[in-house]
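Asks: I would like the atomic coordinates for the input below:
(one chain, ligands or ions: 1)
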Amino acid sequence: MKHLVLFVFLIISTGLFAQYDAARYPVIPKPYSLLPLSGQFSINAETVILIDSKIYKKEVEHFRQEVLSTYGINLKYGKGKYSSNFIYVSDDSSGIPNEGYNLFVTRNEINLNGGRAGMFYGLQTLFQLLGHNEIVYDKDSNIVSIPGLRIIKSYSIPNCSIIDQPRFAWRGMHLDVSRHFFPKDSVKAFLNYIALYKFNTFHWHLTDDQGWRIEIKKYPKLTSIGAWRNRTLIGHEGANNPPLFDTVRTGGFYSQEEIREIIKYADSLHITIVPEIEMPGHALAMLAAYPELGCSGNSFSVSKTWGVFDDVLCPTEATFLFLDDILKEVCALFPGKYIHIGGDECPKARWKESSYCQELIKTNNLKDENELQSWFTKRIVVMLQLKGKNAIGWDEILDGGLAEGAAVMSWRGEEGGIAAAKAKHFVVMSPGSHCYFDHYQSQSATEPLAIGGYLPLSKVYSYNPIPSTLNADEQKYILGVQANVWTEYIPTFSQVQYMIFPRMAAMAEVAWDNPVNMNYDFFLKRLMTHLNLISSMKINYAKSIFEIKFNREFEYDYSFLQYSFTSEIPGASIYCSTTTDSVENFLPYSGGELTLRGGETIRAVIYDESHSKTIGPVFTQKINSGLAVGKFISLKKDPSTYYNEGGAFTLVDGITGRTPWVGSQWLGFSGDTLGAFIDLDSIRTVNEIDITFLQDHGNWIYMYDSLHIYFSEDGTDYTEQNCLPTTTADSKQIQTVTISNCKGKARYVYVLATALTKIPEGNPGAGNPAWLFVSEVEVK
Ligand code: TNX
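Replies: Numbers count the residues shown, from 1 in each chain. Reported below is the predicted structural model:
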């Protein structure tokens, strides 16, 4: 009772926006209310855990293991009365909201109470509070659980009083195990990570074109055939022409026994698993095993490439019986309320060709193939309802009419989610713009290959899952939010870690906290300390936030370039140099503009003054030299608005574009002409012109159709130079065309390049105008 009074007092006195010492309380997601108190509880091998009732055993044991494996402290269970050095876990949850908890840390004791889930979250908060300790490896201490390491035996938990509860009921993380298979232990590790951030839903994407991953007893070929592919595409689709493949047979699946084990494990972490069985599209693995489920009568193989495929399930009665059998086994395994039925990206080509489908459209009075998919989905939704389950599907299930009772996962933006909520259907927000952890998190050249897109940490954090266009009543249909991890370009579990850490921490805060309680700078401060814990847990996290951002400052000055450095880290010290690559000799960067003349290689890094060490990678950028760098440039025609981030100056800013894609480094023209006038400022002798283009046939990007160079001394009379390159492009994405016999006197150089008006037959986008992408025009 004493505590209760104190808690009430605390909530009044702290308010919700209170900031406190982030390094001392590095808890993510930010607790609803945290009152910092002076002093600390010492946690050591003598500390005991007292449990009120046996029902908490699994939850507490998970915490005990976390503390043991990360800090080497082997906490004991105790019984009876202790006067100090104990953690008391009580099931008295009166007055505590669902999934909420109260935690009170003082010098002598820790008291935690809540319902089962809340109590588990309270333990995760305690574990994260331990993260404010720097792990010190002391030669004289006993060796404890981590082999090979000697660890001092006592750590502290800073005193505080916390009242916590989540904003959303659906706090989801998704993992695609079809594109790349991750074995049972990796899935369990993934569950540990998401539990650390108080997520409560694991969306397990079990089937797709590239592999079927769940044992179905009645249809063994789903896994004996459908779980394996003979080879896999290397690099991006279209990056190599012809495409390159590895020669590795790869795959795997989970037996029902393993699935039961994982479900049980998830349950102990208060995570509900939502299994996804994709239909009617993304079904090639299923069709490879049972080709009779397709419309064409052809045979199929498990896909070795990514994308969207025309061969989909045919909505015959045999298919429905087959799906019913599968869903029977799936529903018997998974205790959760929702089963995900996919529904995304289902091309209608086969249904259009099929007389059976056309007949079905007629007899059911359907308008078209979209309504046929909706008809298909409605039958599956009912099938699941008969098994006591609710269906959830990607937002395409809205097309052609939404099935009664189905929930929607909004991924193509928020529109689908908004429409569904307005129609009083439950919604999980997961728009690609903020929730796709397969996108790049940094623009660094050293990022591992990713699907494309750019989703930095700050953007994840900025997301609010409740669209402002919904009224209060409609908002109630937004169950919550989820981040998705599609694994086309994520072949290893270590890379899964890299893609989710630390973005998952930002998403956790989006899912748990109210926007009024959120502040990105304060999140970053807590994250800085929290990352020590992540390192101690041996997790491979992305260092992108420690990267230097190199910004172009203003348009042109006829003689030099101006750039600046910034960092995501509040108050970070940046050191830089244009003369040396040895970090010790870098000088402090004091902010403001750096003036460059071209030809330099600029390097910079973040320096942690308090630990006297650099953090994150050293940024390196070569600045082109030459007559055009930093000079005045104008374009005859603007690039496409989609690919004009840096404007005309992009072509003379000293930076040659690269992949992975950085928008500010490239200009894109669709079926159009690049006409660039460059003023060299005075009449100069020109010897060579180098122009860098991008080539990516899979994305409709081609080399120029024709190229012309003109020189002028007065800006009025231009003479075409007879200096066209003789070499033709190879298959590389980046093509620097060197025009070495372009010699003469000029003040003005005019570069004219036309895009291919028609993509040749047999290529993606055949018949359409091609894109022309240009990065830099160097005049030497
Ligand atoms: C679209 S998101 C897909 C997935 C891909 C993903 C890649 C969704 C419902 N479908 O099949 O893996 O893009 O970002």
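
Asks: CA atoms for contacts and neighbours, from now on please.
Replies: Fine.

Asks: show me the strands in the stretch 1-150 of the chain, by range?
Replies: Using DSSP state E, counting those that start in this stretch, the strands of the stretch 1-150 of the chain run over 33-43, 48-51, 76-77, 86-90, 101-105, 109-114.

Asks: so where is the stretch 151-300 of the chain shaky, pLDDT-wise?
Replies: 151-153 (pLDDT under 70).

Asks: max-length strand in this structure?
Replies: In the chain, assigned by DSSP state E, the strand with the most residues is strand 673-686.

Asks: who does that strand touch, helix- and strand-wise?
Replies: strand 632-635, strand 744-754 (3 or more Cα pairs under 8 Å, 6 or more residues apart in numbering; DSSP states H and E).

Asks: what are the bridge partners for the nearest residue to L674 once chain neighbours are set aside, then?
Replies: Closest residue in space to L674, ignoring its immediate chain neighbours: A753 at 5.1 Å, by Cα to Cα, 6 or more residues apart in numbering. Using DSSP bridges, the beta-bridge partners of A753 come out as L674, L707.

Asks: which helix or which strand is home to F565?
Replies: strand 561-566 (DSSP states H and E).

Asks: now the residue lying closest to N192 once chain neighbours are set aside. Its backbone dihedrals?
Replies: Leaving aside its chain neighbours, N192 sits nearest to L269 (7.6 Å; criterion: Cα to Cα, 6+ apart). With angles defined as degrees, to the nearest 10, L269 sits at phi -100, psi 10.

Asks: can I assume L269 is in contact with I194?
Replies: No. If you go by Cα atoms under 8 Å, L269 and I194 don't touch, sitting 9.2 Å apart.

Asks: quick one: contacts of the host helix or strand of F522?
Replies: Using DSSP H and E, F522 maps to helix 520-536. Residues outside helix 520-536 that contact it (Cα atoms under 8 Å, 6 or more residues apart in numbering): 19, 22-23, 25-28, 30, 70, 128, 131-132, 134-135, 458, 461-462, 506, 541, 569-570.

Asks: quick one: name the residues of this protein near the ligand.
Replies: Residues of the chain found near the ligand (Cα under 6 Å from any ligand atom) are 344, 394, 411, 486.

Asks: I'd like to know which elements the helix or strand just after the longest strand of the chain is packed against.
Replies: Sequence-wise, the next helix or strand downstream of strand 673-686 (DSSP H and E) is strand 689-694. Packed against strand 689-694 by the contact rule (3+ Cα pairs under 8 Å, 6+ apart) you find strand 734-739, strand 771-779.

Asks: quick one: the longest one to strand 689-694, angle?
Replies: Between the axes of strand 771-779 and strand 689-694, defined by axes from the mean of the first three to the mean of the last three Cα atoms, to 10 degrees, the angle is 150 degrees.

Asks: so what's the gap between strand 771-779 and the chain middle?
Replies: The chain centroid and the centroid of strand 771-779 are separated by 30 Å, computed with Cα atoms, centre = their mean, to the nearest Å.

Asks: pull the CA atoms of that strand into CSV?
Replies: Coordinates of each C-alpha in strand 771-779 appear next as CSV, following Å, rounded to 0.1, in the frame of the first residue of the first chain:
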residue,chain,number,x,y,z
TRP,A,771,15.6,6.0,-68.3
LEU,A,772,18.8,7.9,-68.7
PHE,A,773,20.7,8.4,-65.4
VAL,A,774,23.7,10.7,-65.2
SER,A,775,25.9,11.6,-62.3
GLU,A,776,29.0,13.7,-63.1
VAL,A,777,30.5,15.5,-66.1
GLU,A,778,34.2,15.9,-65.7
VAL,A,779,36.1,18.3,-68.0
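
Asks: and the angle for it with strand 673-686?
Replies: Going by the same axes, to 10 degrees, strand 771-779 makes 10 degrees with strand 673-686.

Asks: name the helices or strands packed onto strand 771-779?
Replies: The helices and strands touching strand 771-779, judged by 3+ Cα pairs under 8 Å, 6+ apart, are strand 667-670, strand 689-694.

Asks: would you turn the ones you listed into CSV with mean neighbour count and mean pLDDT?
Replies: Below are the helices and strands packed on strand 771-779 laid out as CSV (neighbours: other Cα atoms under 10 Å; pLDDT from 0 to 100):
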stretch, mean neighbour count, mean pLDDT
strand 667-670, 25, 94
strand 689-694, 22, 96
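
Asks: quick check: which of these is nearest to P491?
Replies: Of all the helices and strands packed on strand 771-779, strand 689-694 sits nearest to P491, with 26.5 Å by Cα to Cα.

Asks: so in that sheet, which strands flank that closest one, and in what orientation?
Replies: Partners of strand 689-694 in its sheet, by DSSP bridges: strand 734-739 (antiparallel), strand 771-779 (antiparallel).

Asks: report the residue spans of the protein with pLDDT below the cut-off.
Replies: Scanning the chain for pLDDT under 70 picks out 1-18, 53, 135-153, 554-559.

Asks: so what's the residue in the stretch 551-700 of the chain that the ligand sits nearest to closest to, chain neighbours aside?
Replies: Using Cα to the nearest ligand atom, the closest approach of the stretch 551-700 of the chain to the ligand is made by N699 at 15.2 Å. Once flanking residues are discounted, N699 sits nearest to G238: 6.9 Å by Cα to Cα, 6+ apart.

Asks: many thanks, have a good one.
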